[in-house]
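> One predicted model, sequence on top.
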Amino acid sequence: LCLQCVFQVNNKSNRKYAAFGNVSESVQLCENTHCCLAVYQIINELLKVDTLVENSCPDETCMARPQMKNRFITCVCSTDLCNSNVTWTPAAEPPQRTHSYSTAETTKTAVIVILSIIGFVIITLKWRRFCQEKKENLQSSCKDYSIRRSCSCQTKTLENIITDVELQEVVGRGRFATVFQGRHNKSVVAVKVYPAGCKHKFTTEKEIYELPLMKHSGIVQFLGTGRKPDDGSWIIVLQYAEYGSLHSFLCKHSSSWMSSLKLCQSLSQGLSYLHSDLLSHGVHKPPVAHRDLSSFNVLVKADGTCALCDFGSSTILRFCSGYRFWQNHMANMKGQPQFGTLHYMSPEVLEGSVNLSSSSFLMQGDIYSLGLILWEICMRCSDLFEGGVAPQHLLPYELELEANVTVERLLLYVSEMDKRPSIPDYWGALPQGSALKELLTNCWDRDTDARLTAPCVVDRLASLTSSYPH
Ligand SMILES: Nc1ncnc2c1ncn2[C@@H]1O[C@H](COP(=O)(O)OP(=O)(O)OP(=O)(O)O)[C@@H](O)[C@H]1O
């Protein structure tokens, strides 16, 4: 039996909605669900409807549930066309009272005003004290990362200035830089070119690559930096990854179980190394949080392993600079949300409710993004699908929302509704299915402290490889 739901999305050309059933004008036969869902956005006290598909719906009619401080209303219901009719009344304005003031009332008002001013002064003083204590706590909570500041160990590698690099074709474009294939010392290299005005972005990324002990197979190899004489743009020369970004690799290729595990393992090992705090022979590598992990910022090399790249948003935890970077990050978010990055933002980042007193919050944000990327890799693993055919590659939440999802919709879906990308039912029948599902859900847990650490993800993947080889 097919349920009829009202189908009225803002972006009618979005083919993903059609996947849930047969769309005919404004009515959709939801063959794959027994619920209709309406999400109303309240704009100037008017309702704007948008529909999605849900799987669990206890109510027959559309019962309004306010969400996100009354910015949205949602309802889930189980009868034909029930999502077209929601009962909703905007909060009534308090009635205006008109009356003349007596002397007693004037005195009463004056007393209230004076008391309010005194109260305000007390609250301001307490607030300043609270902020001061919070700042001190933040500094002390970062102590573990600042211990080595006073040590005499080396904290930077020698600069390698490159002058003889030839640029060939463009292989990628990001928000700030353009990446070319190039030649240096007769080898093929990748050259990331930042316009002259993006010096701060270039410097941040260079600073990360130049940290001591930053050499690891799971991190793209850094060869040096330079400046183009013609237009003054800044360049970073890197090892060339033959398959380009993981995103473009997954769009073109599905993989076997062992090849998928290889991608997952190398990616997790790279992140585990990035997060590590190492001291070796008088040289110190502090922990680094990537902060912009996505399948666009992971490269695939010729041997089928992954390497992390794009450290333009990263934070070196030694400097205890999370707060400063966090503020920059929020400023960026208020501008145009960026395709490919927004999808990977953790609920706490979307809400702006990151715990500043914990120095591990940035790494926990990376683990959420890692979980989503591992899901993307597994969703292209042919051995995990009936008949050995994996579906087309999709970004996390692309099926449920849209490819160019907005902050508001993501916040509603990921944070308020606590939803995650769906895991195929078929995995339940596979020997490794439940361990894989547990791994993903433990990475993207709502509770940041319940998330796995990167070394734990590496261990879990190692036991998956030994228990379920193919
Ligand atoms: N070493 C490399 N080898 C091959 N391709 C690369 C390499 N580095 C980057 N690319 C390609 O260029 C794209 C953009 O690179 P990168 O993410 O470093 O740029 P960006 O401007 O910092 O991007 P973002 O918008 O994520 O900040 C990558 O997604 C990838 O396709």
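Structure's in. What do you need? Source: prediction; values computed, not measured.
> tell me which element the residue in the stretch 301-450 of the chain that the ligand sits nearest to falls in.
For the stretch 301-450 of the chain, the residue closest to the ligand is Asp310, as judged by C-beta to the nearest ligand atom, at 3.5 Å. The C-beta positions use only the backbone N, C-alpha and C, and glycine is treated the same way. Assigned by DSSP states H and E, Asp310 belongs to no helix or strand.
> start at 3 instead
Got it, first residue is 3 now, which makes that one Asp312.
> so it touches Asn299, yeah?
Yes. Taking contacts as C-beta atoms under 8 Å, Asp312 lies within contact range of Asn299: 4.1 Å.
> Kindly provide the distance from Ile164 to Ala112.
74 Å (C-beta to C-beta, to the nearest Å).
> which bits of the stretch 253-402 of the chain sit near the ligand?
By the rule C-beta under 6 Å from any ligand atom, the part of the stretch 253-402 of the chain lying against the ligand is 294, 298-299, 301, 311-312, 314.
> out of those, who's nearest Pro214?
Here the nearest of these to Pro214, counting by C-beta to C-beta, is Cys311; it sits at 19.1 Å.
> Go ahead and confirm the closest one touches Leu240.
Yes. At 7.1 Å, Cys311 counts as touching Leu240 under the criterion of C-beta under 8 Å.
> Please work out the average pLDDT along stretch 82-93.
Stretch 82-93 shows an average pLDDT of 74 in the prediction.
> Just the buried positions in that stretch, please.
Using 16 or more other C-beta atoms under 10 Å as the test for burial, stretch 82-93 gives 84-86, 88.
> a markdown table for these, including distance to Leu319 and secondary structure?
Converted to a markdown table, the buried residues of stretch 82-93 look like this (distance: C-beta to C-beta, whole Å; DSSP: H, G, I helix; E, B strand; the rest coil):
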| residue | distance to Leu319 | secondary structure |
| --- | --- | --- |
| Cys84 | 51 | helix |
| Asn85 | 47 | helix |
| Ser86 | 51 | helix |
| Val88 | 47 | coil |
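> thinking again about what came up before, can you check which residues contact both of Cys311 and Leu240?
Where contact means C-beta atoms under 8 Å, 6 or more residues apart in numbering, the residues bridging Cys311 and Leu240 through contact with each are Val222.
> Which one of the two is surrounded by more residues?
Counted by other C-beta atoms under 10 Å, Cys311 and Leu240 do not tie: Cys311 has more neighbours, with 28 against 21.
> Not counting sequence-adjacent ones, nearest residue to the more buried one?
With C-beta to C-beta, 6 or more residues apart in numbering as the measure, Val222 is the residue that lies nearest to Cys311, at 4.4 Å, once sequence neighbours are left out.
> what about that neighbour, distance to Ser261?
Separation of Val222 from Ser261 (C-beta to C-beta) stands at 20 Å.
> Asp420 now?
Per C-beta to C-beta, Asp420 is found 32 Å from Ser261.
> Which one's more surrounded, the two?
Set side by side, Asp420 and Ser261 show unequal neighbour counts under other C-beta under 10 Å, the larger going to Ser261 at 18 against 9.
> okay, Ser15: pLDDT?
The per-residue pLDDT reported for Ser15 equals 50.
> again, but for the one 5 residues further on
Reported pLDDT at Ala20 in the predicted model: 52.
> Likewise for the one 4 residues further on?
Per-residue confidence for Asn24 comes out at a pLDDT of 55.
> ok so, going back, if you tally nearby residues, what's the number for the residue nearest to Cys311?
Residues lying near Val222 (other C-beta under 10 Å) number 26.
> now it: how far from Asp312?
Remark: distance between Val222 and Asp312 (C-beta to C-beta) = 9 Å.
> didn't Val285 look like it was pressed against Leu215?
Yes. Using C-beta under 8 Å, Val285 is in contact with Leu215, at 6.0 Å.
> Poorly predicted segments of the stretch 53-202 of the chain, please.
Within the stretch 53-202 of the chain, the stretches with pLDDT under 70 are 53-58, 70-71, 73, 92-105, 132-157.
> in the stretch 303-452 of the chain, which spans are helices?
Assigned by DSSP state H, counting those that start in this stretch, the stretch 303-452 of the chain shows helices spanning 324-336, 349-353, 363-380, 409-412, 435-445.
> which one of those lies closest to Lys203?
helix 324-336 (10.8 Å).
> I'd like the average pLDDT over that closest one.
With pLDDT averaged residue by residue, helix 324-336 scores 40.
> do stretch 227-238 and the ligand meet at all?
No. In this structure, stretch 227-238 remains apart from the ligand according to C-beta under 6 Å from any ligand atom; the gap is never smaller than 8.5 Å.
> Need the residues that contact that stretch.
The contact list for stretch 227-238, computed with C-beta under 8 Å, 6+ apart, reads 161-165, 167, 193-198, 200-201, 204, 207-208, 211, 224, 239.
> switch the cut-off to 10 Å
For stretch 227-238, contacts defined as C-beta atoms under 10 Å, 6 or more residues apart in numbering pick out 161-167, 169, 179-182, 184, 186, 192-201, 203-205, 207-208, 211-212, 222, 224-226, 239, 311, 313-314.
> next one: stretch 437-449 to chain centre, how far?
With C-alpha atoms, centre = their mean, to the nearest Å as the basis, the distance from the averaged C-alpha position of stretch 437-449 to the chain average is 15 Å.
> list the buried ones in that stretch?
By neighbour count on 16+ other C-beta under 10 Å, the buried set for stretch 437-449 is 437-439, 441-442, 444-447.
> The stretch 153-302 of the chain: strands as residue ranges?
Chain-ordered strands for the stretch 153-302 of the chain, with DSSP state E, counting those that start in this stretch as the definition, fall at 167-175, 180-186, 189-196, 224-229, 236-241, 280-282, 285-287, 290-291, 300-302.
> is the ligand contacted by the first one?
I take that to be strand 167-175. Yes. On the criterion C-beta under 6 Å from any ligand atom, strand 167-175 is in touch with the ligand at 173-174.
> Report the distance from that strand to the chain centre.
Taking the mean C-alpha point of strand 167-175 and that of its whole chain, the gap between them comes to 28 Å (C-alpha atoms, centre = their mean).
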